[in-house]
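Chemist: fold the following, please.
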Amino acid sequence: MTRQLWMLGTLVLLIGLGSCTSVQQSDWYDKAHDTTVKVADVAADKTSKAAAVASTQASKAFVRMQHYLAEKDVLKTFTDSSEHSETVVLDVLHKAGVGSHKGVVPKRPAAAPGAAPAATAPSAVAAAGSVPDQYAGTLQWPLEAGVVSSEYGERWGKMHKGIDIAADVGEPVYAIAPGEVIYAGNGLRGYGNVVILRHDRQRTSLYAHNSALNVKLGDHVARGAVIAQLGSTGHSTGPHVHFEIRDGDTPLNPRSILPASKLADVIGDPAALAMVR
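Modeler: This is a model prediction of the structure:
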């Protein structure tokens with residue numbers, strides 16, 4: 001009888017343990033399920049908010065574009081007021097290892113006996129190891145809204161090495177691609193407050209005449225980052241951004257590099273206006 005009672009007690013205990021294990025497993029499943037649902041809800045919420053922000057930004061850009069189209073005759077007069085200094089830009093590029101140096105940091109002469117070794121330019125060192133050989137990603141225009149007031153090419157009997165895009169003071173100026181800031185300041189004659197980005201070993205972009213700069217030398221920026229606010233500093237007849245793209249020392253026509261324009265390329269053309277939507 002005692003043995004039978006012992007066996008019955010053991011059986012009850014095992015059943016109780018099994019029941020507890022089952023309850024614990026059920027609790028674990030419920031908690032895991034709840035966590036998965038919460039993660040999914042958070043992800044969906046973030047996606048929804050990002051889509052809403054993008055939609056709002058596009059709507060605001062469209063409204064600004066309508067304003068600029070209404071003021072197009074005035075905006076078309078906002079350009080560079082004189083030629084910029086090519087020498088100062090090339091000097092910045094060469095110090096960063098771009099252009100005539102073909103991406104190689106130039107060697108410095110050996111220090112005199114007993115003298116401290118000469119320091120290598122920080123920008124050149126950074127550029128040598130922080131940019132891809134060739135950027136293969138997508139590009140975007142430097143402005144969301146505005147009017148192209150001066151094209152790349154012959155102008156005033158000389159070569160205009162970029163395009164001018166006119167808009168209101170404070171219009172956000174965006175990085176066309178990821179890059180490193182190799183210049184940010186107002187020390188380049190004629191350019192006013194200017195930013196120069198390096199995107200790969202030889203490709204750079206320049207944004208001039210800004211009212212304010214949002215970046216500093218050595219910063220790394222993502223494509224679409226706001227790097228400045230449009231202005232009319234330097235040699236300028238009114239608020240606009242003078243924008244250049246270079247391959248080494250050579251300026252390129254931005255229209256041959258950037259995607260189809262979202263700006264008012266053909267004033268009065270419904271197809272051009274529809275591209276802004």
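Chemist: can you tell me the strand partners of the helix or strand containing residue 182 and which way each runs?
Modeler: Element membership for residue 182 (DSSP states H and E) is strand 179-185. Applying DSSP bridges, strand 179-185 is found paired with strand 193-198 (antiparallel), strand 220-221 (antiparallel).
Chemist: dump the residue contacts of residue 144.
Modeler: By Cβ atoms under 8 Å, 6 or more residues apart in numbering, the contact set of residue 144 is 57, 61, 64, 171-172, 174, 262. C-betas here are computed from N, CA, C, even on glycine.
Chemist: next step: the residues you listed restricted to strands.
Modeler: Of these, the ones assigned to strands by DSSP state E are 172, 174.
Chemist: restricted to buried residues, select the contacts of residue 144 in ChimeraX.
Modeler: To isolate the buried ones among the contacts of residue 144 in ChimeraX, judged by 16 or more other Cβ atoms under 10 Å, type:
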select :61,64,171,172,174,262
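Chemist: okay if I get the contacts of residue 144 as a markdown table plus pLDDT and distance to residue 204?
Modeler: Shown next, in a markdown table, are these (pLDDT from 0 to 100; distance: Cβ to Cβ, whole Å):
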| residue | pLDDT | distance to residue 204 |
| --- | --- | --- |
| 57 | 74 | 27 |
| 61 | 85 | 26 |
| 64 | 89 | 28 |
| 171 | 97 | 22 |
| 172 | 97 | 20 |
| 174 | 98 | 16 |
| 262 | 59 | 23 |
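Chemist: just the contacts of residue 144 now: which is nearest residue 180?
Modeler: Closest approach to residue 180 among these (Cβ to Cβ): residue 174, at 15.9 Å.
Chemist: quick check: the closest one touching residue 146?
Modeler: No - if you go by Cβ atoms under 8 Å, residue 174 and residue 146 don't touch, sitting 11.6 Å apart.
Chemist: from the strands paired with strand 179-185, which stretch is densest packed?
Modeler: strand 193-198 (a mean of 26; mean count of other Cβ atoms under 10 Å).
Chemist: that one - what's its average pLDDT?
Modeler: For strand 193-198, mean pLDDT is 98.
Chemist: cool, and stretch 79-91?
Modeler: Computed over stretch 79-91, the mean pLDDT rounds to 91.
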